[in-house]
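Q: Generate a structure from the sequence data that follows.
(chains A and B)
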Amino acid sequence: MSERAAFAAKRKREGNMKRSGLLATTALLLAAGIFSAAPAKADCGIEKGSVRILSNDFEALRLIASEAEKCSSATVKVSKNQTTEHKNLQVPALKVNPAQYTVAVIANNSIVPLLNDGLVRPLDDLVAKYGADLQPNQLIKIDGKVMAIAFMGNSQHLFFRKDILEKAGVQPPKSYEDILAAAKAIKEKGLMEHPLAASDKAGWDLAAEFVNMYLGYGGELFKAGSAEPAINNEKGLATLKMMKDLTAYMGPDYMTYSADDIIKTYVAGKTAMMNGWGSLAGSVIDKTKAPAEIAENTVLAAAPTVGGGSVPAAALWWDGFAIAKNISDEDAEASFRAMVHAVRPEVADKNPDIATWLTKDFKPSAGAVGVLATANGGAQPYPMLPYMGLLHTALGSELADFMQGRESAEDALRDTEAAYTAAAREGGYLK
Amino acid sequence: MPHRAFFAFILPSLVAMILFIALPIASVAVQSLFVQHEKVVVETETCAPFGGCKKETRVDSDATAKLRHDEPLGKFNGFGTYLDRNHLAVGEIKAILASSTGIGNVVTQIYNLPFYKALSFTLTYTFIVTPFAMLLGFCIALGVNTLPPLAKGPVIFFSLLPMIVTPLVGALIVYWMVSTQGIVGATLQNLFNDPTLSLKSSSVLTWLTLLAYGIWHNAPFSFVVFYAGLQTVPDDTLESAMIDGASRWERIRFVIVPHLMPLATFVALVQLMDNFRVFEPIVGFSADANATSLSWSIYNDLHSQVDQLFGSAAATSMLTITGVIILLSPVLVRTWREFNRR
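A: Sure, this is the predicted structure:
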């Protein structure tokens, strides 16, 4: 504690010095008759270095990046590239020396290629020096070394309209079996034509839905300790059956809806129950962004259980940052400090609605209830395995035939395993 | 032209073609023969925010990096990638044929393999869109040609719009229009009095939408070329045909069409190549559940979740190039013969 206090005092001193320097400059400029608006400088305590951030593009990450940018000064340069294409940029951009970006904002899945190629550095020293605000569960440790810092959690979880359920006379659903029964009641009473929605768009979304449901059934995706797939089993079949049963209550073009699209149909009042991303929940319950009728009647709850299981059928995700290996220690230190500054508890406390922050003493707001309930229910994390991405791709393209009713569940799972095996052989994971 | 002058004349474009076309193709061909090194996998303890710490497999990046440093291209695999399930699927096809229970069953099972699924849509698209787009373009050209000069400019501009719009943007606009909330989709539901009708819901309807989009998008190219061609039709021949009592239809059939035939060959060549590479509409229409193409397979290999399968993408690229060569060979052979006849 004393070390921290000393550090805080040092930071304050430095800040004061900087502020007085700034004042002097402003006075000089004013004396010279030139008006200059000095940007507000945050007190990050970084002497010098370059901070270059590569990240995905959604609201919470935009906030983080803009907070990190506040650390820029005459000697500290902060730049950012926020794009949904970050996954395709990160490996080549961090492979060059010096790396094009010093900070990679990553999640469970996107950290894997960086780890596979050894492109991020261990952060233990930096955590010890500057990580006083970080919680132990924010540290992603691999083989005992801290490789990344998580700052927010995310998962798909249940959104439902309590007004519609009340009109239909059904209890809030706890399991997918309840959801099917509730959807039947809503449809029979003529309250809604298509009460359910799911992100079943072929590709990433469809595969994520499978993984969620399969984890809910307690399934294992791979044979223990190997890259061999293990989804062609009873649990896999049950997963597909449930996914298909749910589509009976969805719009006929359910295979074209991504996670963003189902939020839109929900906000448009055309959906009564769905599993949506926690990171998008804030805007649904915000009366300034969604129609009042929908915002007020939306209940966020844990992802449903399935097949008599006890854990919510949804994979848990975290978003965090890692620091590139191929950069100078000075830039690494500056980057780490800027990012730790950006994800400090104060930022989370001021913006409780836009994410489920993992920071110290974070008091979750209404928008974070679903993710927390899912996590507290014991949901499984999305696997951080090196070959998971290949299985995800195979699931995304091979399950489409089954979902469209062109193939049996057995064939779909067999095809998925075959497609994955061919890709994993090429990727060097299987012989 | 003396050979020397001819050579000097085409040298710059020859160099550019070697640098920007031949060499990249050669490098893709080489890449397609290699796969990634076997990853050195180790068991380590992983701790993450959810689920605590557990033993998981990891790639030993240093050991793998050393392997890669020694052989940067990867592990030589010969034609293994070409023959695997995600490409030509030779083993799978043999198994299907061995256990066959009739033609229909064999076709369904082969269609279930990703490469053949992509190939069947690609070929259907190529062979339906090319002739229909050319026909439509020709009809537009004939129509525009009879317009009074004042109206020609605006009509030409509007006819060219589908080509001016970026393919992906055009596809997205049409996609939103045919969605159940869009103007076309909602009108269709009304017309057929079927609230569950959606052009995006079934394979057949998705294919039809994609083909219609393809014809709409490609017609302007044929139109422009044929319209230019129409300006060169000799008036004398047309007039003498009229004096001989030829109707409008007969003039088109016996004067205009033969005159435009060489142009039609050129348009067909370009359109076949273009349509064989069909890609943007599939992405724009989110149609990959129902229709995939060879180009889409390449994109999917390079742009999947977090991994990039360069060998797989390279193999599909080479197969696509082979496909283009096979497609174009009749047209090329014909051009060559005509050239020799002269």
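Q: Please count neighbours and contacts with C-alpha atoms only from this point.
A: OK.
Q: helix or strand for residue B:172, which one?
A: According to DSSP states H and E, residue B:172 maps onto helix B:167-178.
Q: ditto for residue B:73
A: Applying DSSP H and E, one finds residue B:73 in no helix or strand.
Q: and the nearest residue to it once chain neighbours are set aside, what does it touch?
A: In this structure, residue B:73 finds its nearest non-sequential neighbour in residue B:34, 6.7 Å apart by C-alpha to C-alpha, 6 or more residues apart in numbering or on different chains. Residue B:34 sits next to B:73-78, B:81, B:311 when contact means C-alpha atoms under 8 Å, 6 or more residues apart in numbering or on different chains.
Q: What residues does the stretch 251-400 of chain A have near chain B?
A: Applying C-alpha under 8 Å from any C-alpha of the partner chain, one finds that the stretch 251-400 of chain A approaches chain B through A:251-256, A:316, A:318, A:375, A:378, A:380-381, A:385-386, A:389-390, A:392-393, A:397, A:400.
Q: Quick check on residue 188: phi, psi?
A: I'll assume chain A. Main-chain torsions, residue A:188, degrees, to the nearest 10: phi -70, psi -30.
Q: Distance check, it against residue A:174.
A: Between residue A:188 and residue A:174 the distance is 21 Å, computed by C-alpha to C-alpha, to the nearest Å.
Q: These two: which has the busier surroundings?
A: Counted by other C-alpha atoms under 10 Å in any protein chain shown, residue A:188 and residue A:174 do not tie: residue A:174 has more neighbours, with 16 against 12.
Q: wait, doesn't that one sit right on residue A:308?
A: No: when contacts are counted by C-alpha atoms under 8 Å, residue A:174 is not listed as touching residue A:308 (10.5 Å).
Q: what's around the nearest residue to residue B:152 once chain neighbours are set aside, how many residues?
A: Among residues not flanking residue B:152 along the chain, residue B:144 sits closest, at 6.4 Å (C-alpha to C-alpha, 6+ apart). Residues within reach of residue B:144, counting by other C-alpha under 10 Å, total 19.
Q: was I right about residue B:144 contacting residue B:155?
A: Yes: using C-alpha under 8 Å, residue B:144 makes contact with residue B:155 at a distance of 7.2 Å.
Q: picking that back up, partners of the residue nearest to residue B:73 in the sheet?
A: residue B:76 (DSSP bridges).
Q: measure it to residue B:72 for me?
A: In this view, residue B:34 and residue B:72 are 10 Å apart by C-alpha to C-alpha.
Q: do the same with residue B:260
A: As judged by C-alpha to C-alpha, residue B:260 and residue B:72 stand 53 Å apart.
Q: Neighbour count: the two, which is higher?
A: residue B:260 (19 against 12).
Q: Report the spatially closest residue to that one, excluding sequence-adjacent ones.
A: Excluding the flanking residues, the one nearest residue B:260 by C-alpha to C-alpha, 6+ apart is residue B:229, at 6.3 Å.
Q: Just the pLDDT at the one you found, thanks.
A: Predicted confidence (pLDDT) for residue B:229: 95.
Q: Spell out which helix or strand contains it, please.
A: Going by DSSP H and E, residue B:229 is part of helix B:203-230.
Q: Regarding residue A:47, what is its secondary structure?
A: Secondary structure, DSSP: H, G, I helix; E, B strand; the rest coil: residue A:47 is coil.
Q: now residue B:270
A: helix.
Q: Just give me the neighbour total for it.
A: So residue B:270, with other C-alpha under 10 Å, has 15 neighbours.
Q: Look up how far residue B:54 lies from it.
A: Residue B:270 is 57 Å from residue B:54, by C-alpha to C-alpha.
Q: Report pLDDT for the residue in the stretch 201-342 of chain B positioned nearest to chain A.
A: Using C-alpha to the nearest C-alpha, the single residue of the stretch 201-342 of chain B nearest to chain A is residue B:201, 4.3 Å away. Turning to residue B:201, the model gives it a pLDDT of 74.
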